[in-house]
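Novice: Based on what follows, work out the 3D shape:
(one chain, ligands or ions: 1)
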Amino acid sequence: MTHVVVVGSGGREHVLAHVLARSAEEVVTPGNPGIPGSVATPPEELDADLFVVGPEAPLVDGLADRLRASGRRVFGPGADGAELEGSKAWMKQVLVDAGVPTAAHGTFTEVEPALAFLDTMAGLYVVKTDGLAAGKGVVVTESLADARDAVRSYLSGEAFGDAGRTVVIEEGLTGPELSILAVCDGQRAVALAPAQDFKRVGDGDAGPNTGGMGAYSPVPAVTPDVVAHVMGAAVEPTLAALRAKGIDYRGVLYAGLMLTPDGPKVLEYNVRFGDPETQVVLPRLTSDLVELLGAAADGALGADPTFDDGAAVTVVCASEGYPASPRTGDPIEGLDAAAAVDGVTVFCAGVGRDDAGRLVTAGGRVLNVTGQGPDLAEARRRAYEAVAHLSWPGLHHRTDIAATPT
Ligand code: AMP
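Specialist: As a prediction, this is how the structure comes out:
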């Protein structure tokens, strides 16, 4: 039996472990009390046939490099490739070098030139922190005053510390958004099944942005032709540009795109599996995940991954106060009943254990309830049937995930 170590502690790592378990034995570090096989031992002290690093922060921090340096087989880019997510300014430069369509932009460390650049733009202003800001460092606004305020609070370090001391200002793009996740082996990239996520906290896309409140797969509008176009116009040239810089990128390249009237343009790259998109993509995989990630780690991807003809829908159950100030420590009720619903798997994200041994909320996004079925309507019905069994004080979730698939 192959032994795999999954690094991370959220719903993404739970689904990775769950699908890897079809053909491997795995541990998750640090995991959480709701993820079977969670261990406190740091990854550097574990041995396995394959290491899969889930979140961006340890990748940007060079965990994959350290593991490779000690002879381990690793799925996940080194710190050099992870800069795609660690620095938006660097990512934009890679895109420009690679000829990948993206929003026009400028990069600034001083207030006055940044404000002058804003004055040359019209309509929709976009201001981003260069560094990691937990998905919160992006302002998209029609108000020049608000854009100017963002520039000042980012560059001063007030809003996001050092992550904001360099800002990227972009032209505002419009159109539907789309994410494509590709598995890369340094040379080649293969696409995973498309998924659509929901960023806003409330139904009908109301309220503030979150890490993601739900997702579904497949996405009817994202035909194989659209995927092939994005792979050819964005992912493959990016991988080639990285290779030209001497970067051997072995991991997930997750392209966030906008389908503009001038064609698809890349908004950003992430260097890891999306959360919660992974919770609907991987359960549909019919080929072997251990083999896929192992081959990518070896620089030797084989056949394209395959997915079932059915559908998956995941609904995020969040804690009181998420996203502004999530409350933790509320006992989670109904987990077994939810997991017993036909076609449903519950993935534990922000889950802890209290002194009495009960599972309690330990973060903003607590559970990801994934329903699978022959089509999106049935997958969605099952997911929501399971969600109805769950409760804790202040639990909230969207009711419109996959209600009107695009
Ligand atoms: P990012 O973290 O760069 O993907 O930005 C987060 C979100 O901000 C995206 O998912 C878009 O909804 C929005 N966004 C980012 N860049 C732009 C842009 N140039 N024009 C319009 N919206 C954008």
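Novice: Now for L118, how many residues are close by?
Specialist: 18 (other C-beta atoms under 10 Å). All C-beta spots, glycine's among them, are computed from the backbone N, C-alpha and C.
Novice: that's a strand at it, yeah?
Specialist: No. Using DSSP: H, G, I helix; E, B strand; the rest coil, the secondary structure at L118 is helix, not a strand.
Novice: Which residue lies nearest to it in three dimensions, sequence-adjacent residues excluded?
Specialist: Distances taken as C-beta to C-beta, 6 or more residues apart in numbering place A147 nearest to L118, at 5.4 Å, with adjacent residues excluded.
Novice: what's downstream of the helix or strand where L181 lies, the next helix or strand?
Specialist: Assigned by DSSP states H and E, L181 belongs to strand 177-185. As assigned by DSSP H and E, the chain's next helix or strand after strand 177-185 is strand 189-191.
Novice: quick one: strands adjacent to that next one?
Specialist: Note on strand 189-191: by DSSP bridges, its sheet partners are strand 177-185 (antiparallel).
Novice: before we move on, back to that, mean confidence (pLDDT) on the strand holding L181, please.
Specialist: Regarding strand 177-185, the rounded mean pLDDT is 93.
Novice: Quick check: the residue of the stretch 301-406 of the chain nearest the ligand.
Specialist: P323 (13.9 Å; C-beta to the nearest ligand atom).
Novice: OK, contacts around that residue?
Specialist: Contact analysis of P323 by C-beta atoms under 8 Å, 6 or more residues apart in numbering lists V201, P208, N209, T210, G211, G364.
Novice: tell me the SS of it?
Specialist: From three-state DSSP, the assignment for P323 is coil.
Novice: Tell me the confidence at it?
Specialist: For P323, the pLDDT comes out at 94.
Novice: What is the burial count for the residue lying closest to it once chain neighbours are set aside?
Specialist: Excluding the flanking residues, the one nearest P323 by C-beta to C-beta, 6+ apart is T210, at 4.6 Å. For T210, the neighbour count with other C-beta under 10 Å is 22.
Novice: Confirm for me that T210 is in contact with R200.
Specialist: Yes. Judged on C-beta atoms under 8 Å, T210 makes contact with R200 at a distance of 7.0 Å.
Novice: Helices of the stretch 201-350 of the chain, residue ranges please.
Specialist: Counting by DSSP state H, counting those that start in this stretch, the stretch 201-350 of the chain has helices at residues 224-230, 236-244, 278-281, 289-297, 335-339.
Novice: For D400, find the nearest of these.
Specialist: helix 278-281 (15.6 Å; C-beta to C-beta).
Novice: what does that closest one rub up against?
Specialist: 11-12, 15-16, 181, 192-193, 195, 215-217, 307, 312-314, 347, 368, 370.
Novice: out of those, who's near the ligand?
Specialist: Contacts with the ligand within those, counted by C-beta under 6 Å from any ligand atom: none were found.
Novice: Any chance of a PyMOL selection covering the buried ones in the residues you listed?
Specialist: Selection command for PyMOL covering only the buried members of the contacts of helix 278-281, criterion 16 or more other C-beta atoms under 10 Å:
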select buried, resi 11+12+15+16+181+192+193+195+215+216+217+307+312+313+314+347+368+370
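Novice: Can you flag which of the contacts of helix 278-281 belong to strands?
Specialist: L181, A215, Y216, S217, A312, V313, T314, F347, N368, T370 (DSSP state E).
Novice: List the beta-bridge partners for the first one.
Specialist: Spelled out, that is L181. Here L181, judged by DSSP bridges, has bridge partners Y254.
Novice: got the phi/psi numbers for the residue nearest to E44 when sequence neighbours are not counted?
Specialist: Nearest residue to E44, sequence neighbours excluded (C-beta to C-beta, 6+ apart): R66, at 6.4 Å. Per-residue torsions, R66: phi -60, psi -40 (degrees, to the nearest 10).
Novice: Can you pull the residues of the stretch 101-250 of the chain lying near the ligand?
Specialist: Within the stretch 101-250 of the chain, the residues that sit near the ligand (C-beta under 6 Å from any ligand atom) are A103, V126, K128, V138, V140, E170, G172, L173, E177.
Novice: run the last query once more with 5 Å
Specialist: A103, V126, V138, V140, E170, G172, L173 (C-beta under 5 Å from any ligand atom).
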